[in-house]
Every structure is written in structure tokens, then in C-alpha cells.
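[1] Sequence first, predicted coordinates after that:
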Amino acid sequence: MNSDLAWLKEPVARPDENAARLAAERQAMLIKPPGALGRLEALAIRLAAWQRTPKPTADRVRIVVFAGDHGVTEEGVSAFPQSVTAAMVNQFARGGAAISVLARTLGAELEVINLGTVEETGSVPGVLDLRLGLGTANFLRGPAMTERQLAEALRAGRDAAARASSAGIRIFIGGEMGIGNTTAAAALGAALLGETPEALAGPGAGLDTEGVRRKAEIIRRALDRHGSYLADPLEVLRRLGGFEIAALAGAFVTCAQRGLPVLVDGFICTAAALAAERLCPRVSGWFLYAHASAEPGHARMLAALDGKPLLDLGMRLGEGSGAAVALPLLRLVCTLHAGMATFEEAGIAGKSS
Ligand SMILES: O=C(O)c1ccc[n+]([C@@H]2O[C@H](COP(=O)([O-])O)[C@@H](O)[C@H]2O)c1
Ligand SMILES: Cc1cc2nc[nH]c2cc1C
């Protein structure tokens with residue numbers, strides 16, 4: 001492995017099992033039949049282990065949206081033009097995008113990083129400009145990224161996660177924006193899971209049935225073209241991924257190395273999570289999956305990660321929006337866990353046997 005990428009092999013943090021034990025003991029004492037809060041109970045215990053405290057919180061949250069364009073869009077794999085990527089980056093900063101509204105409403109910090117849009121975003125303050133090129137190359141013709149672009153995209157993600165961790169953030173949300181990136185994510189998923197392109201390709205931002213068929217065919221040709229190089233997950237990411245997907249993978253690895261839990265968004269973020277797990281085994285022990293995307297291939301990637309999404313709302317927006325929508329649930333998990341009375345405090349008789 002290139003020495004620029006040695007950090008990918010640094011050890012993953014270990015959750016605090018003592019904090020988990022204390023949180024489990026507290027759950028057992030709260031005034032409810034044991035187990036009556038269902039999955040919320042296990043979530044409180046996992047958050048406790050991750051945050052190394054018996055009373056975790058979900059208040060300090062940062063959403064980092066990574067944006068980049070995709071050369072494969074020239075094959076007609078998206079219902080929208082490439083210009084939308086830069087236009088949306090502009091809106092993230094101006095406050096009109098869904099994720100901007102969600103971040104404001106939730107009191108979450110929002111960081112926007114442009115890793116390589118083809119078009120200019122206009123002069124908007126609040127976008128970190130780390131452009132690595134005018135989008136990736138078309139992966140039907142060659143690797144999507146050079147080795148240097150891959151290393152820099154991974155590092156951009158690593159640095160964003162390290163900034164969040166150093167700032168005392170307690171939960172990290174990664175988001176993405178990139179017209180064409182469901183094709184890259186589906187190709188990644190197919191290559192990493194050994195699945196057919198048809199199992200992973202879906203409508204994305206709005207393809208019709210014929211468009212989905214064409215998209216699967218493009219992915220099939222790309223898998224054939226890149227052939228045996230796809231045995232190496234780093235090469236899968238470089239050849240089929242995107243700047244924003246690689247940055248997400250780098251961010252997720254760093255979060256796990258630094259002990260910062262990640263709330264994973266939809267289809268593209270889950271593809272990045274899968275790539276992260278292949279690059280640095282066991283990082284997925286730090287991931288929670290926010291929602292089941294409407295993109296049909298999402299379920300296969302979640303299954304491979306043994307991930308059970310918190311919500312299923314038919315969302316397929318990206319931007320980190322599904323994770324943001326799940327955040328209030330985590331906040332309720334934490335406030336219930338910390339705020340409910342125990343049987344002893346309330347003077348209520350516990351379970352008789
Ligand atoms: O997060 C998801 O599950 C998701 C599912 C479908 C589409 N998207 C968003 O739509 C864009 C990609 O769609 P497409 O069809 O251009 O590949 C990209 O900006 C993603 O954020 C996101
Ligand atoms: C308008 C629009 C907004 C988006 N946000 C994330 N992906 C998107 C795709 C489109 C097309």
C-alpha cells in the first residue's frame with residue numbers, strides 16, 4: 001500500500017464495555033417493563049459504549065456534505081444534468097437545500113466540501129474548496145480517479161472527521177451530492193459484494209425502467225473492463241468510485257479510529273461505509289444506519305454490513321438528509337435514558353419474578 005495511505009490501517013477504537021454495562025444496568029432500573037422500549041434500549045447502550053459514558057448525548061452533531069461530479073454521467077445514467085451538482089453546493093451554503101434546513105432545525109453544524117464539480121459553484125462563503133479535478137473520469141474508459149486523486153479524496157475525508165473529533169462532536173453525519181453517484185455506488189457495491197449490476201442499479205434521482213436497464217448495462221461493461229483489478233478494495237474505490245464517495249470512506253475510517261460514532265445516510269453513504277469496512281476491517285462497529293433508502297440495492301449493502309436501518313420512509317435524497325431525520329430519534333433515546341426515573345426513585349414495585 002502507498003505510504004500516503006498507511007493511516008487507513010491504523011487501529012480502530014474500542015467501545016467502552018464498562019460504560020455499556022452501566023448503561024444496561026440503568027436501563028434495567030428505569031420505570032418500564034424490561035425491553036419495553038424495544039431497540040431504543042440497545043441504542044442507548046451502544047451510544048454509551050461509543051461515547052464512553054453511561055449517559056450518552058446526541059446534541060453535538062456535525063454534518064459534512066462532500067460533493068463531486070462523475071465522468072460516467074456522459075453515458076446517460078442520470079435523469080438530471082451534471083450542472084445540478086454545483087448548483088446544489090451553492091444551495092447548501094445559501095441555506096435553501098433540504099440538508100441546510102434540517103441542520104438549522106436540529107442545531108447541527110453543517111460543513112460543505114467541494115471535491116470537484118465540473119461547473120463553478122459561484123462565490124458562496126461556507127464551501128471548503130478542495131477540488132481535485134473537473135469531476136472524475138468516465139469509468140467505462142479508464143479508472144475514475146488517479147492514485148493521487150484517490151489519496152487526496154480519502155485524506156479530505158480523514159481531515160474532516162479529525163476536525164469534527166477534535167471539536168468535541170459526539171455524532172458524525174456524512175452527506176454527499178453528485179449527479180451520477182448512484183451509478184458509482186452501485187458499481188462499487190456490485191464489485192465489493194460480487195453481486196450482479198441488476199441487483200444494485202436503481203432509479204437514483206429519477207430514471208425510468210429503460211434508464212435503469214441501461215445503467216446496469218454500463219456497470220456490467222465497467223466491471224468487465226476493470227476485471228481482476230477489482231479484487232483489491234482500494235482499486236475498486238479508485239476505478240469505480242467518486243471523489244465524494246472516497247472522502248466519505250476516509251471520514252468513516254477516521255471516525256472509527258478516533259472513536260466517533262457515525263450515523264450513515266442512504267445508498268451512496270452505505271456504499272462508502274462498505275468500502276471503508278473493506279479498507280479497514282471492523283470500522284463498521286462504529287456505524288449506525290439511519291434509514292432504508294428507496295434505492296432498491298440498498299438492502300443488499302445493508303445486509304452485507306449487518307446493518308438494520310432505524311427508519312424506512314422511502315427517502316432517496318442523499319445530502320445526509322436521512323441521517324438528519326433520524327437524529328431526533330437518537331436524541332430521544334438519550335433523553336429517555338438519562339431522564340426517566342428508576343423504580344427505586346419513583347417508589348414503584350419492580351417485576352415480581
Ligand atoms: O441517499 C440515497 O439513498 C440516494 C438515492 C438516490 C439518489 N440520491 C441523490 O441523487 C443524486 C444521484 O442520483 P443519480 O441518479 O444522478 O445517480 C446524488 O446527489 C444523491 O445524493 C441519493
Ligand atoms: C435537485 C437535486 C437535489 C439533490 N440533492 C441530492 N441529490 C440531488 C439530486 C437532485 C436532482
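    Nice, I can see it. Numbers count the residues shown, from 1 in each chain. Ligands and ions are numbered 1, 2, ... in the order given.
[2] gap between the two ends of stretch 224-236?
    13 Å (Cα to Cα, to the nearest Å).
[3] in that stretch, what counts as buried?
    Neighbour-count burial for stretch 224-236 flags 226, 230, 233-236 (criterion: 16 or more other Cβ atoms under 10 Å). Just so you know, the C-beta spots here come from the backbone N, C-alpha and C atoms, and that holds for glycine as well.
[4] same check, this time on stretch 116-130
    Result for stretch 116-130 [16+ other Cβ under 10 Å]: buried residues 116-119, 121, 127, 130.
[5] mind listing which of the residues you listed are in strands?
    V127 (DSSP state E).
[6] of all the buried residues of stretch 116-130, which two lie farthest apart?
    Distances among the buried residues of stretch 116-130 were taken as Cβ to Cβ; the most separated pair is E119 and L130, at 16.3 Å.
[7] can you tell me which residues contact the residue of the stretch 151-300 of the chain at minimum distance from ligand 2?
    Using Cβ to the nearest ligand atom, the single residue of the stretch 151-300 of the chain nearest to ligand 2 is A205, 4.5 Å away. Residues near A205 by Cβ atoms under 8 Å, 6 or more residues apart in numbering: 78-80, 179, 182, 316.
[8] can you check T73 too?
    82, 135, 179-180, 183.
[9] For it, which non-adjacent residue is spatially closest?
    Leaving aside its sequence neighbours, T73 sits nearest to G180 (Cβ to Cβ, 6 or more residues apart in numbering; 3.9 Å).
[10] Now the nearest residue to Y229 once chain neighbours are set aside: which helix or strand?
    Nearest non-adjacent residue to Y229, counting by Cβ to Cβ, 6+ apart: E235, 4.7 Å away. Here E235, judged by DSSP states H and E, is contained in helix 233-240.
[11] Any residue of that helix touching ligand 1?
    No. Judged by Cβ under 6 Å from any ligand atom, helix 233-240 and ligand 1 are separated, with a smallest distance of 13.3 Å.
[12] So which elements touch that helix?
    Applying 3 or more Cβ pairs under 8 Å, 6 or more residues apart in numbering; DSSP states H and E, one finds that helix 233-240 contacts helix 147-166, helix 181-193, helix 209-226, helix 243-258, helix 267-279.
[13] what angle do it and helix 243-258 make?
    Comparing the axes of helix 233-240 and helix 243-258 via axes from the mean of the first three to the mean of the last three Cα atoms, to 10 degrees yields an angle of 160 degrees.
[14] Can you give the contact residues for helix 233-240?
    Residues contacting helix 233-240 (Cβ under 8 Å, 6+ apart): 1, 5, 139, 143-147, 150, 184, 187-188, 191-192, 222, 226, 229-230, 245-246, 249, 275, 278-279.
[15] Could you tell me how many residues sit around the residue nearest to L193 when sequence neighbours are not counted?
    Spatial nearest neighbour of L193, excluding adjacent residues (Cβ to Cβ, 6+ apart): A304 at 5.5 Å. A total of 19 residues lie near A304 under the criterion other Cβ atoms under 10 Å.
[16] now swap in L5 and tell me
    16.
[17] Spell out the secondary structure type for it.
    helix (DSSP: H, G, I helix; E, B strand; the rest coil).
[18] OK, contacts around it?
    Contacts of L5 (Cβ under 8 Å, 6+ apart): 151, 154, 234.
[19] Quick check: the residue of the stretch 1-150 of the chain found nearest ligand 2 vs A137, distance?
    Residue nearest to ligand 2 within the stretch 1-150 of the chain: F80 (4.0 Å; Cβ to the nearest ligand atom). Counting by Cβ to Cβ, to the nearest Å, the gap between F80 and A137 amounts to 20 Å.
[20] quick one: which of the two has more around it?
    A137 (18 against 15).
[21] The more buried one and G71 touch, don't they?
    Yes. In this structure, A137 is within contact of G71 by Cβ atoms under 8 Å, at 4.5 Å.
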